[in-house]
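Asker: after the sequence you'll find the predicted model.
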Amino acid sequence: MTGAMQADRRRVSIFGATGSIGQSTLDLIARAPSAYEVVALTGGANVDRLAADAIRLKAGIAVTAYPERLHDLRARLAGSGVEAAAGEAALLEAADRPADWIMSAIVGAAGLPPGLRALRHGTVLALANKESLVCAGPILMAEAARHGATILPVDSEHSAVFQALRGEDIATVEKVVITASGGGLRDWSLARLPHATPAEAGAHPNWDMGQRITIDSASMFNKAMELIETHEFFGLPPERIETIVHPQSLIHALVQFCDGAMMAHLGAPDMRHAIGHALHWPTRQDLPVARLDLAEIARLDFAAPDPARYPALALAERVMATGGLAGAAFNAAKEVALDLFIGGRLPFTEMAPLVERVLDRMAAEGCLEAQGPTLDMVLQADRLARDRAADLAGTYETPRRAGQMP
Ligand code: NDP
């Protein structure tokens, strides 16, 4: 390859390359390998996949988050010319490597530090990691502004809003409506919900996603996170952000303007839409996604979400109203509640009450207040909320824990 051709290639790094979003991103990149120079790929435990993709895409470096997996990663990369590294510091070092476009698709609060670090270099950060904005929205947005970096939303709802707002004045927005499928338990009776198993809650009617986000979809904790993300990313007040149940998941979001016009974004439920939009922004390019046949679809349904079925939505309102460290506490408590549910130690319907009790406890302790929180404060609130959630979970006495679920 000549120097001139090299110079035309976009330098890309994918954090969380072995996950669902990461793999969809690699799918798009692998379709045009000559257009990209893969600087860094990162993963967690799955070093087989990480090494295979790093070799296939000729990455500069492959990083596993777990130092105990470095030996295996090195063995798989032997002779390939791809560097191997491990641990949190190595993730930050990978984020320092010059790149034009970086995908932030690590799951959980662990995705925040590398994303923040990448922003320092004025890069384009495609942000799938929800936890970054929920835990540390103001920090992230300020860091991007300080360094002239660009954050592009990858969550399908936020990508949809972003696209509907293109060329528009945010001051003319009356409200943003993000859609929710209602999840796998949408049609269950309220009485049956406490008995939902992780397998039942983890079956999504429309989207093919990981287990955790699919269960979050059934409980609408996922939508609660997205309401907070919308608030943080677009700077809209909570009263101008709504969610609506739309079972077909074909409209991802709508923006209503002051003249009464409503712009809806439609597309097949395929994350490569939003990933591809961010990858090619500010242009549009062909994407290998299904096209909608409206005549075949024939109808689109909507319903207001039932607050009794989806108490997580009210918690999002509370988090947005509280600000400070409430987002970090909310996310961490939700993570613990989800772990407990997946482990069969907490009923589906007890996740939201547990998160609420953590917020109550931390508010009473004055631990949610912070003017201009720092990353350290966010990480500390995250740890504290996990401890509080574990403590409070121990006090649960529910019919389910008493014997129905081992
Ligand atoms: P996955 O669980 O499929 O993948 C997560 C990625 O993060 C994997 O590469 C995993 O590595 C890596 N990882 C796990 N733990 C750590 C850690 N402690 N440190 C560093 N890396 C780690 O998640 P998704 O791809 O589904 O989601 C990624 C993010 O995007 C999440 O924040 C999610 O909420 C968000 N999102 C996802 C959507 C989806 O459709 N899936 C839609 C919109 C947003 P390994 O697997 O090797 O252990």
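Answerer: Nice, thanks for sending it over. Numbers count the residues shown, from 1 in each chain.
Asker: wouldn't I55 be in contact with V82 here?
Answerer: Yes. I55 lies in contact with V82 (CB atoms under 8 Å); the separation is 6.1 Å. C-beta: built from backbone N, CA, C; applies to glycine.
Asker: so for these two, which residue has more residues nearby?
Answerer: Applying other CB atoms under 10 Å to I55 and V82 shows that V82 carries more neighbours, namely 24 against 16.
Asker: grab the nearest non-local neighbour of the more buried one.
Answerer: Closest residue in space to V82, ignoring its immediate chain neighbours: A54 at 4.7 Å, by CB to CB, 6 or more residues apart in numbering.
Asker: tell me how many other residues surround A364.
Answerer: 9.
Asker: pull up the gap between it and G323, please.
Answerer: Noted for A364: a distance of 17 Å to G323, by CB to CB, to the nearest Å.
Asker: can you show me the helices along the stretch 151-300 of the chain?
Answerer: 156-164, 198-201, 211-219, 221-234, 272-280, 294-297 (DSSP state H, counting those that start in this stretch).
Asker: for the fourth one, give the mean pLDDT please.
Answerer: The pLDDT scores in helix 221-234 average 98.
Asker: dump it to CSV, keeping only the CA atoms.
Answerer: Below are the C-alpha coordinates for helix 221-234, written out as CSV (Å, rounded to 0.1, in the frame of the first residue of the first chain):
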residue,chain,number,x,y,z
PHE,A,221,-34.6,0.4,33.2
ASN,A,222,-33.1,0.7,29.7
LYS,A,223,-35.6,3.4,28.8
ALA,A,224,-35.0,5.1,32.1
MET,A,225,-31.3,5.3,31.2
GLU,A,226,-32.2,6.6,27.8
LEU,A,227,-34.4,9.4,29.2
ILE,A,228,-31.4,10.5,31.3
GLU,A,229,-29.1,10.2,28.3
THR,A,230,-31.4,12.4,26.3
HIS,A,231,-31.5,15.0,29.0
GLU,A,232,-27.7,15.0,29.3
PHE,A,233,-26.8,14.8,25.6
PHE,A,234,-29.3,17.2,24.1
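Asker: that one vs helix 211-219, what angle?
Answerer: Put simply, helix 221-234 runs at 90 degrees to helix 211-219, going by axes from the mean of the first three to the mean of the last three CA atoms, to 10 degrees.
Asker: just the fifth one next, same as before
Answerer: Note on geometry: by the same axes, to 10 degrees, helix 272-280 and helix 211-219 are set 120 degrees apart in direction.
Asker: who touches R291 in this structure?
Answerer: Going by CB atoms under 8 Å, 6 or more residues apart in numbering, R291 touches A268.
Asker: got the phi/psi numbers for the closest residue to the ligand within the chain?
Answerer: At 1.9 Å from the ligand, G19 is the closest residue in the chain, using CB to the nearest ligand atom. Per-residue torsions, G19: phi -90, psi -170 (degrees, to the nearest 10).
Asker: also M103?
Answerer: phi -90, psi 120.
Asker: next one: A40
Answerer: phi -150, psi 140.
Asker: coming back round to it: checking my notes, the residue nearest to V82 in a helix, right?
Answerer: Yes. Per DSSP: H, G, I helix; E, B strand; the rest coil, A54 lies within a helix segment.
Asker: picking that back up, any idea of the pLDDT on the residue of the chain closest to the ligand?
Answerer: The model's pLDDT for G19 equals 95.
Asker: residues in contact with the closest residue to it other than its chain neighbours?
Answerer: The shortest distance from G19 to any non-neighbouring residue, by CB to CB, 6+ apart, is to A105 (5.8 Å). Going by CB under 8 Å, 6+ apart, A105 touches 14-17, 19, 21-22, 25, 111, 128-129, 154.
Asker: 10 Å instead?
Answerer: Residues in contact with A105 (CB atoms under 10 Å, 6 or more residues apart in numbering) are 14-25, 42, 111, 115, 126-129, 154, 271, 275.
Asker: this completes my enquiry, with thanks.
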